[in-house]
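[1] what's the 3D shape of this:
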Amino acid sequence: MAGLSPLEAALSARAGPGPTERSSVAAQANRRRVLGLAASGLAAPWWVGCASPLSTAQAGATAAAAPTMAAPSPEPTAPAVPEAVAAPAAPTGGSTDTPPPLAREFRAAWVATVAHIDWPSRRGLSSAQQRAEMLDLLDKAQAIGLNAIVLQVRPAADAIYPSALEPWSEFLTGASGRAPDTPWDPLAEWVEQAHRRGLELHAWFNPYRARHSSATTPVAANHLAHTDPGIVRRYGELLWMDPGEPRAAQRMVDVVLDVVQRYDIDGVHIDDYFYPYPLKDAQGRDIPFPDEPSWQRAGAPAHRAAWRRAQVDQLIERLHAAIHVAKPWVRFGISPFGLPRPDRRPPGITGFSQYDQLHADVERWLSEGWLDYLAPQLYWPIAQPAQSFPVLLDAWLRDNPRGRHIWAGLFTSRIGDRQRPYTTQEVLDQIALVRERSAAQPLAAGHLHFSMAALAANRERIADRLREGPYAQPALPPATPWLAEPPPAAPEVTVTPQQPPGAARVDWRAPAGGPPWRWVVLQVRRQGRWEVLHLPRPGVDHHMLDPGAERAVLQAVGRTGMPGAATTLVQRSGTWSLAA
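    Okay, here's the model as predicted:
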């Protein structure tokens with residue numbers, strides 16, 4: 001197992017064989033950070049709510065090996081926006097005895113800790129105040145209709161949780177390495193409280209940044225800038241781990257595996273900061289990243305950009321394998337910059353190339369299947385021809401031969417922005433376009449808001465309009481059936497008659513030894529119409545059925561979103577019993 005850490009080797013042996021805060025594009029104004037994931041499903045008769053992945057033909061042909069910067073092509077025509085943002089179909093369908101399929105859509109928000117973008121909201125808050133803010137954000141996420149939170153846990157080679165590997169984050173406690181004023185584990189509480197509200201919790205890591213430009217205190221003595229300075233480079237106001245240094249990749253793998261093993265997270269999420277966005281000198285020229293030592297040690301490969309991409313590729317491949325060996329049900333998601341590599345762009349699409357500048361070959365990661373979801377940061381309006389939201393969404397959906405989830409990152413925080421404001425309607429229209437695509441391509445069934453602050457503040461009524469419109473009906477995150485966890489067993493149910501006749505209390509529990517549950521879905525029929533409740537686990541273990549209910553179907557949903565066998569209850573003449 002050459003190249004693996006002792007922890008990775010032990011995990012592999014145990015498991016057997018198998019598997020914004022943008023600093024800048026030029027040191028200034030480019031804060032388009034929207035993380036994303038990608039979701040998909042396979043059409044199989046033993047589960048409900050996912051469809052087949054895109055075929056190789058749908059994904060499009062493979063591009064040439066080297067990108068070329070072509071002259072601008074004719075402007076693309078943006079598809080028409082659907083007239084209204086419809087919610088996933090309300091559960092009124094289905095046969096008399098069979099409820100309709102479960103609605104599926106990934107509805108997430110990023111919670112950025114760096115620079116106090118989302119949480120904690122400012123410096124100097126006590127642990128009690130931070131906990132109160134956390135609970136308020138989670139309550140609002142639940143009330144709006146979200147089903148996932150993507151929480152930044154490693155802003156800059158530091159941690160918002162107790163770690164033996166990296167110091168406490170300045171953005172949590174006010175100084176690098178300073179412990180909270182009252183002992184607590186913020187990540188453990190975020191995970192527990194999110195799950196109690198029926199929200200997934202994805203842990204978001206920055207892979208290489210070692211110090212953010214907004215940091216104000218010296219890095220702690222146990223920060224890797226002191227403990228392993230040979231892998232850290234200064235780049236403008238930033239400190240950056242050199243991706244060409246093997247120990248930098250090892251540190252990222254160790255940190256991620258530490259969190260995966262210690263916390264009940266639903267996903268590992270990384271953002272678009274691979275090699276840093278290039279800074280400019282006084283003449284407007286890109287300042288080279290200072291990786292001369294690692295490049296020379298590698299033999300000074302002639303194609304330096306390709307060598308850099310290979311360093312990032314190796315980290316992505318390694319993370320994907322290590323996460324799934326440690327916990328096969330934990331999804332791995334990446335949120336890259338939103339423009340495809342230049343040789344794979346639709347006509348008329350122009351702009352920054354992450355392939356050439358950040359050395360991120362995202363299209364290769366998709367083609368290799370090294371991730372479970374992609375959340376491209378589509379941070380532009382529908383009507384902006386050179387970076388058209390729907391044109392870019394379609395491009396990513398086409399370039400997906402392994403059938404991974406593609407969930408659009410939305411720049412919701414541009415609502416109310418002084419310089420480049422969005423209207424609320426722009427965000428709603430983008431959701432409508434995503435849903436239009438997902439009707440034919442379920443891999444597109446999802447989106448993420450950057451960031452939670454805009455939703456929590458209800459800027460221009462965005463939270464109200466989401467709750468009243470596209471989120472009016474609940475939805476579960478799409479299932480990820482290629483991950484190695486079987487569906488959960490049917491709930492064990494106890495029915496206790498209540499008054500008046502026909503009322504009953506239903507209690508349920510998971511059979512011993514089966515895969516854990518994330519939700520219990522209860523579908524109840526009244527006068528021929530089905531209603532649905534998504535009940536989080538842990539948290540809710542019973543429900544009161546009123547005399548007007550005729551039929552109830554209970555179904556457990558596991559950690560990968562896979563539903564298990566259903567348990568059906570029927571009321572006959574005021575008495576509830578298990579269906580035959």
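[2] Can you list the low-confidence ranges for the chain?
    1-95 (pLDDT under 70).
[3] Map the structural domains onto the sequence of it.
    With domains defined by automatic domain parsing, the chain comprises 20-63+105-468, 492-578.
[4] Would you mind giving these as CSV with distance to residue 96 and mean neighbour count added?
    Where C-beta positions appear, they are placed from N, C-alpha and C, glycine not excepted. Below are these laid out as CSV (distance: least, C-beta to C-beta, whole Å; neighbours: other C-beta atoms under 10 Å):
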stretch, distance to residue 96, mean neighbour count
domain 20-63+105-468, 18, 20
domain 492-578, 7, 17
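[5] Tabulate those domains (a markdown table), appending distance to residue 481.
    Formatted as a markdown table, these follow (distance: least, C-beta to C-beta, whole Å):
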| stretch | distance to residue 481 |
| --- | --- |
| domain 20-63+105-468 | 5 |
| domain 492-578 | 6 |
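[6] out of those domains, nearest to residue 482?
    domain 20-63+105-468 (7.0 Å; C-beta to C-beta).
[7] Would you tell me what the next helix or strand after whichever strand or helix holds residue 296 is?
    Counting by DSSP states H and E, the element that carries residue 296 is helix 292-297. Moving toward the C-terminus from helix 292-297, the next helix or strand (DSSP H and E) is helix 304-326.
[8] how about the CA coordinates for the next helix-or-strand element following that next one, as PDB?
    Following helix 304-326 in sequence order, the next helix or strand is strand 331-334 (DSSP H and E). What follows is strand 331-334, C-alpha atoms only, in PDB (Å, rounded to 0.1, in the frame of the first residue of the first chain):
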ATOM      1  CA  ARG A 331     -20.500  11.200   0.500                       C
ATOM      2  CA  PHE A 332     -17.600  13.200  -1.000                       C
ATOM      3  CA  GLY A 333     -18.600  16.400  -2.700                       C
ATOM      4  CA  ILE A 334     -16.600  19.100  -4.500                       C
END
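[9] thinking again about what came up before, quick one: closest of the domains of the chain to residue 484.
    Comparing the domains of the chain by C-beta to C-beta, domain 20-63+105-468 comes nearest, at 3.9 Å.
[10] just how off-centre is the closest one within its chain?
    Distance, stretch centre to chain centre, for domain 20-63+105-468: 8 Å (C-alpha atoms, centre = their mean, to the nearest Å).
[11] do the same with stretch 465-479
    16 Å.
[12] quick one: buried residues of that stretch?
    The neighbour-count check on stretch 465-479 (16 or more other C-beta atoms under 10 Å) flags 465-467, 469-471, 474-479 as buried.
[13] Now tell me what touches stretch 483-491 from outside.
    18-19, 46-47, 324, 328-329, 331, 372, 508-511, 514-517, 520, 554-560, 562-567 (C-beta atoms under 8 Å, 6 or more residues apart in numbering).
[14] I figured residue 290 was touching residue 238, is that so?
    No - checked against C-beta atoms under 8 Å, the pair residue 290 and residue 238 is beyond contact range at 11.3 Å.
[15] Now the common contact residues for the two.
    Shared contacts of residue 290 and residue 238 (C-beta under 8 Å, 6+ apart): none.
[16] Please tell me how far residue 100 sits from residue 434.
    Separation of residue 100 from residue 434 (C-beta to C-beta, to the nearest Å) stands at 21 Å.
[17] got it, and residue 129?
    36 Å.
[18] now do residue 348
    The separation that residue 348 has from residue 434, given C-beta to C-beta, amounts to 21 Å.
[19] can you map out the strands along the stretch 251-400 of the chain?
    267-270, 331-334, 373-374 (DSSP state E, counting those that start in this stretch).
[20] possible to save those as CSV with distance to residue 145?
    What follows is the strands of the stretch 251-400 of the chain, written out as CSV (distance: least, C-beta to C-beta, whole Å):
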stretch, distance to residue 145
strand 267-270, 19
strand 331-334, 21
strand 373-374, 20
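[21] Would you mind saying which of those lies nearest residue 460?
    Closest to residue 460 of the strands of the stretch 251-400 of the chain, according to C-beta to C-beta: strand 267-270, at 27.4 Å.
[22] strand partners of that closest one, parallel vs antiparallel please.
    The strands beside strand 267-270 in its sheet (DSSP bridges) come out as strand 200-205 (parallel), strand 331-334 (parallel).
[23] is it possible to export the ones you listed to JSON lines including distance to residue 183?
    Listed next are the strands paired with strand 267-270 as JSON lines, based on distance: least, C-beta to C-beta, whole Å:
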{"stretch": "strand 200-205", "distance to residue 183": "21"}
{"stretch": "strand 331-334", "distance to residue 183": "31"}
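[24] where along the stretch 451-580 of the chain do the helices fall?
    452-456, 462-468 (DSSP state H, counting those that start in this stretch).
[25] May I have the phi/psi pair for residue 426?
    phi -60, psi -50 (degrees, to the nearest 10).
[26] these two touch, right, it and residue 382?
    Yes - in this structure residue 426 lies within contact range of residue 382 using C-beta under 8 Å: 6.9 Å.
[27] for residue 500, what are its contacts?
    Listed by C-beta under 8 Å, 6+ apart, the contact set of residue 500 reads residue 547.
[28] Just read off the phi/psi values of it.
    Dihedral angles (degrees, to the nearest 10) for residue 500: phi -70, psi 170.
[29] what's the distance between it and residue 408?
    For residue 500, the distance to residue 408 equals 49 Å [C-beta to C-beta].
[30] before we move on, what about residue 279?
    Counting by C-beta to C-beta, the gap from residue 279 to residue 408 is 29 Å.
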